[in-house]
Every structure is written in C-alpha cells, then in structure tokens.
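Undergrad: please work out how this folds:
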Amino acid sequence: MATLYWKGGTSTDIGVVSNWVTTSGGSTNPANLIGLTNGTDDVIFNYATSGASSSALIDSSTTNVDTNGDGSADSTPNNWKSLTIEYHASLGKTIVLGSSGLLTVAGLEIKKSGTIFA
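TA: Predicted coordinates for the structure are as follows:
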C-alpha cells in the first residue's frame, strides 16, 4: 500500500526495483515490488521523476519479480491499484505494452495524450 514513481534507468523493465522510487523526483527505491503484483500500490508517471523519454515495458515474458522471497521470479508486476500519468508538455511515451503485455488497474487517470503504446 504505497505510491511508486517510475524513474526508469538502465532498462525499461518494470520488474527491476531500481527503476522505481518512493517520492516524486526522489532517489529512494522501494524495498520490493510486491504491491505491483497484488494490486495494492499506486503508480505515478511524471516528468519530475522520469524525464521526457523513460518508458516502461509491460510484457509478461520479461518482467517478473520474486514475491515470496525464494530467489526466483514468480509473478509479473502488472496488477496496480491505480495508474496516474501527470501532464507535462515534454512527457513522451511512458508505457509500452509488449506482445504479451497485460496491465490491470483499479483506477486510471491520464492527463497527457500519446503516452501509452501497444
């Protein structure tokens, strides 16, 4: 039950903890991504955190996280409580749905067009 901000980084993989931070424009990574697999975490994409072109790839064949602590990837982090894409004139592509991409959200707020691609 947290709010996570997409930062991006060395990859577009939503299953990499270092691609997420706990505050807008911040640098502190969350302890884990379990809330992105069970629908309890809110996700925000904004320019202050991710810049203009740091997109996230949602593809169940490549984005898996260890949710039970056994060291193996066992769940795709694609079940979010809510998704907010905040407006900024320079914010570009934020989410790319891969060939096997599926995203489940309970709430959705998109304030900028041209940010989700399939």
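Undergrad: show me what counts as buried in the lowest-mean-pLDDT helix or strand in the chain.
TA: Scoring the helices and strands of the chain by mean pLDDT, DSSP states H and E places helix 47-50 at the bottom, with a mean of 76. For helix 47-50, the neighbour count (16 or more other CB atoms under 10 Å) marks 47, 49-50 as buried. Every residue, glycine included, has its C-beta placed from N, CA and C.
Undergrad: pLDDT score for residue 115?
TA: Listed pLDDT for residue 115 reads 84.
Undergrad: quick check: phi and psi on it?
TA: With angles defined as degrees, to the nearest 10, residue 115 sits at phi -110, psi -10.
Undergrad: what about it, how many neighbours?
TA: Neighbourhood size, residue 115 [other CB atoms under 10 Å]: 17.
Undergrad: next up, the contacts around it.
TA: Residues in contact with residue 115 (CB atoms under 8 Å, 6 or more residues apart in numbering) are 45, 85, 91-95.
Undergrad: apply 6 Å and report the result again.
TA: By CB atoms under 6 Å, 6 or more residues apart in numbering, residue 115 lies in contact with 85, 94.
Undergrad: where does pLDDT dip in this structure?
TA: 52-53, 60-64, 66-71 (pLDDT under 70).
Undergrad: quick one: the strands in it?
TA: 3-6, 20-21, 42-45, 56-58, 79-85, 95-97, 104-110, 116-117 (DSSP state E).
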